[in-house]
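Engineer: turn this into a structure:
(chains A and B)
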Amino acid sequence: EAGVTQSPTHLIKTRGQQATLRCSPISGHTSVYWYQQALGLGLQFLLWYDEGEERNRGNFPPRFSGRQFPNYSSELNVNALELEDSALYLCASSSSGSYNSPLHFGNGTRLTVT
Amino acid sequence: GESVGLHLPTLSVQEGDNSIINCAYSNSASDYFIWYKQESGKGPQFIIDIRSNMDKRQGQRVTVLLNKTVKHLSLQIAATQPGDSAVYFCAENGDAGNNRKLIWGLGTSLAVNP
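Structural biologist: Numbering: from 1, shown residues only, chains lettered A, B, ... in the order given. Here you go, the predicted model:
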């Protein structure tokens, strides 16, 4: 069974540009989560999608947005990039039918903003 | 200029010894706790979870202990191996009541000496 896949693995952008990150969940998983992992700050919750709808978002500005497609894959968009957006962006998926079930993570997209 | 990063707590053990990684959680309303392992260049990997109606749970070579009185969680790894070298994160579900917005610790780096 394929795990969570993310693309690209690395992305370099300049300040003010837009970045698009992609995620394919484990087959059968309908929930997708996005986390930001910045150096020294641990994992910070960004967004949760389930069945195509945004269910919750973390404490991030509106220039962080995304969507979930009918096949449950997801896209994270970051507009007007700032230097402090440089981080590892992790996508995870889970079965939405479980009240508490482990999240399964991809290996992330390393975003560097110069 | 020179940047200074935060240094993770580090636990250094000899191969074959037992390891204990500790975590203090913050929210007394949390009822689900989970441990992840993150190797360099990879996303977090699920190790073991525990619900608040339990105080101990065992997996393969790992045991999680939960002390709700002092809001403390620990991960014990038996017969530590070089492949166990990684950063270990604990997470709690806070007052969300589910795993949708896990609150993550900053991590502990485990170094296994051959």
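Engineer: and the residue nearest the centre of chain A, which helix or strand is it part of?
Structural biologist: What sits nearest the mean C-alpha location of chain A, by C-alpha atoms, centre = their mean, is A:Trp34, with 3.0 Å. A:Trp34 is part of strand A:31-38, with elements assigned from DSSP states H and E.
Engineer: correct me, but the residue nearest to the centre of chain A touches A:Ser74?
Structural biologist: Yes: between A:Trp34 and A:Ser74 there is a contact under C-beta atoms under 8 Å: 7.3 Å. C-beta coordinates here come from the backbone N, C-alpha and C atoms, glycine included.
Engineer: find residues that contact each of these two.
Structural biologist: Taking C-beta atoms under 8 Å, 6 or more residues apart in numbering or on different chains as the contact definition, A:Trp34 and A:Ser74 share the neighbouring residues A:Cys23, A:Gly66, A:Cys91.
Engineer: mind listing the residues bridging to B:Thr63?
Structural biologist: B:Gln58, B:Gln76 (DSSP bridges).
Engineer: of the shared contacts of A:Trp34 and A:Ser74 - the most surrounded one?
Structural biologist: Of all the shared contacts of A:Trp34 and A:Ser74, the highest neighbour tally under other C-beta atoms under 10 Å in any protein chain shown goes to A:Cys91, namely 31 neighbours.
Engineer: check which helix or strand that residue maps to.
Structural biologist: Following DSSP H and E, the helix or strand that holds A:Cys91 is strand A:87-94.
Engineer: C-terminal to that strand, what's the next element?
Structural biologist: Once strand A:87-94 ends, the next helix or strand along the chain (criterion: DSSP H and E) is strand A:104-105.
Engineer: name the strands paired with that following strand and say parallel or antiparallel.
Structural biologist: Strands adjacent to strand A:104-105 in the sheet, as given by DSSP bridges, are strand A:87-94 (antiparallel).
Engineer: could I get the shared contacts of A:Trp34 and A:Ser74 as a markdown table with pLDDT?
Structural biologist: Output for the shared contacts of A:Trp34 and A:Ser74, formatted as a markdown table (pLDDT from 0 to 100):
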| residue | pLDDT |
| --- | --- |
| A:Cys23 | 98 |
| A:Gly66 | 96 |
| A:Cys91 | 97 |
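Engineer: re earlier: list the helices and strands the strand holding A:Trp34 packs on?
Structural biologist: On a contact count with 3 or more C-beta pairs under 8 Å, 6 or more residues apart in numbering or on different chains; DSSP states H and E, strand A:31-38 meets strand A:42-50, strand A:74-78, strand A:87-94.
Engineer: now the longest one: buried residues?
Structural biologist: Of the residues in strand A:42-50, those buried under the neighbour-count criterion (16 or more other C-beta atoms under 10 Å in any protein chain shown) are A:Gly42, A:Leu43, A:Gln44, A:Phe45, A:Leu46, A:Leu47, A:Trp48, A:Tyr49, A:Asp50.
Engineer: pLDDT score assigned to residue 13?
Structural biologist: This is for chain A. The score at A:Lys13 is 98. That number is its pLDDT.
Engineer: let's do chain B instead
Structural biologist: Predicted confidence (pLDDT) at B:Val13: the value is 95.
Engineer: swap in the one 10 residues further on?
Structural biologist: With respect to pLDDT, B:Cys23 scores 94.
Engineer: am I right that it is in contact with B:Ser74?
Structural biologist: Yes: in terms of C-beta under 8 Å, B:Cys23 counts as a neighbour of B:Ser74; the distance is 6.9 Å.
Engineer: sorry, back to before: need the helices and strands packed on strand A:31-38 in CSV (columns: distance to A:His104).
Structural biologist: Written out in CSV, the entries for those read as follows (distance: least, C-beta to C-beta, whole Å):
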stretch, distance to A:His104
strand A:42-50, 14
strand A:74-78, 14
strand A:87-94, 6
